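**Student:** any chance you can model this:
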Amino acid sequence: MRLRFLGTKAYTEKRSRRHSKDSAVLFEDKGVRLLLDCGEDHADAPSRLKPDAILITHGHPDHVGGLKDYDGSIPVYLSDETDEITKDWPFEKRFRFRRGASFQIGHLTIETVPVVHSTRAPAVGFIIDGGRFRIGYFPDWLDFERESDRNKLKNLDLLISDGSAVSRSIVRRVDSERVGHISMKKALRLAKELGIRRVIFTHFGDEVLTRGDEAVIEELKEEGAPFSFAKDGFEFELERFEEFHKEGYDPSKLDDRVLADDFRLLAAKYS
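**Tutor:** Residues are numbered from 1 along each chain as shown. Model (predicted):
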């Protein structure tokens with residue numbers, strides 16, 4: 001199972017060398033390619049990468065804006081609410097789902113988990129089950145809509161989570177409803193509580209873009225949970241990560257160029 005992070009920036013004017021493009025992740029396993037989100041900076045991604053399907057978490061421009069002029073034949077999976085937001089957009093091969101539903105793409109089972117994030121663009125996280133692994137893609141969220149969904153993240157091999165806030169979650173109220181972003185510290189505590197094996201943060205907001213990755217990574221290490229920061233172009237291979245836990249593993253002999261270059265970011269506990 002391989003992931004390539006095409007963009008890792010939140011919906012903000014700030015940019016950095018590592019985080020300059022909107023959200024999009026290319027997922028690949030056993031010949032199945034999924035594009036997870038397609039922000040405004042990635043209008044060429046469907047035609048260039050030719051995924052088997054495009055999965056959209058919610059209707060904010062940094063997650064779906066790249067499809068505004070898309071008129072190709074790749075199926076787009078999106079919630080009823082996101083379908084309504086994009087109803088005038090040209091893509092026609094739409095697979096609508098009710099938030100909380102599950103569906104199958106090839107050998108993969110995808111479960112949608114309703115999350116608290118926005119009232120205008122209700123969001124989901126995706127749990128992708130490939131049989132030998134389970135990963136969660138929750139790039140833009142504050143909390144679970146239903147507390148009963150909490151345990152669905154139990155024992156995930158990987159959680160991809162929101163990097164908008166470091167120590168304190170960003171919480172606002174709209175018509176008495178909470179909206180916003182979970183803090184990275186809270187996500188790491190959740191990972192320890194639920195036995196999630198590792199966390200990769202993406203969707204970085206103003207705080208990280210201002211302070212810089214290294215300073216924030218040092219602060220987050222205090223939580224004592226394995227994590228890494230994605231960057232634009234960052235690749236992660238689950239099978240490669242498993243090798244890090246084998247007895248006698250020597251990181252100095254790592255021959256994968258991409259992972260060797262980003263070894264410190266791959267898992268903060270090895271830095």
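**Student:** test my guess that Glu219 contacts Val166.
**Tutor:** Yes: using C-beta atoms under 8 Å, Glu219 is in contact with Val166, at 6.6 Å. Using the backbone N, CA and C atoms, a C-beta is placed for each residue, glycine as well.
**Student:** for the two, indicate the residue with more neighbours.
**Tutor:** Neighbour count, other C-beta atoms under 10 Å: between Glu219 and Val166, Val166 has more, with 19 against 14.
**Student:** now do the same contact list for the more buried one.
**Tutor:** Residues counted as contacts of Val166 (C-beta atoms under 8 Å, 6 or more residues apart in numbering) are Ser183, Met184, Lys185, Glu207, Val208, Arg211, Val216, Glu219, Leu220.
**Student:** please repeat the previous calculation with a cut-off of 7 Å.
**Tutor:** Val166 makes contacts with Ser183, Met184, Lys185, Glu207, Val208, Val216, Glu219, as judged by C-beta atoms under 7 Å, 6 or more residues apart in numbering.
**Student:** buried residues, the host helix or strand of His63. List them.
**Tutor:** His63 belongs to helix 61-64 when assigned by DSSP states H and E. Neighbour-count burial for helix 61-64 flags Asp62, His63, Val64 (criterion: 16 or more other C-beta atoms under 10 Å).
**Student:** got it, and stretch 129-140?
**Tutor:** For stretch 129-140, by 16+ other C-beta under 10 Å, it's Asp129, Gly130, Phe133, Arg134, Ile135, Gly136, Tyr137, Phe138, Pro139, Asp140.
**Student:** next helix or strand past the lengthiest strand in the chain?
**Tutor:** Identified as the longest strand of the chain according to DSSP state E is strand 108-116. Downstream of strand 108-116, the next assigned helix or strand under DSSP H and E is strand 123-129.
**Student:** what angle do strand 108-116 and that next one make with each other?
**Tutor:** Interaxial angle of strand 123-129 relative to strand 108-116 (axes from the mean of the first three to the mean of the last three C-alpha atoms, to 10 degrees): 150 degrees.
**Student:** distance of Gly59 relative to Arg33?
**Tutor:** For Gly59, the distance to Arg33 (C-beta to C-beta, to the nearest Å) stands at 23 Å.
**Student:** of those two, who's got more company?
**Tutor:** The residue with more neighbours, out of Gly59 and Arg33, is Gly59; 21 against 17, by other C-beta under 10 Å.
**Student:** mind listing what that one touches?
**Tutor:** For Gly59, the contact set (C-beta under 7 Å, 6+ apart) comprises Glu81, Thr82, Ile85, Thr86, Ala121.
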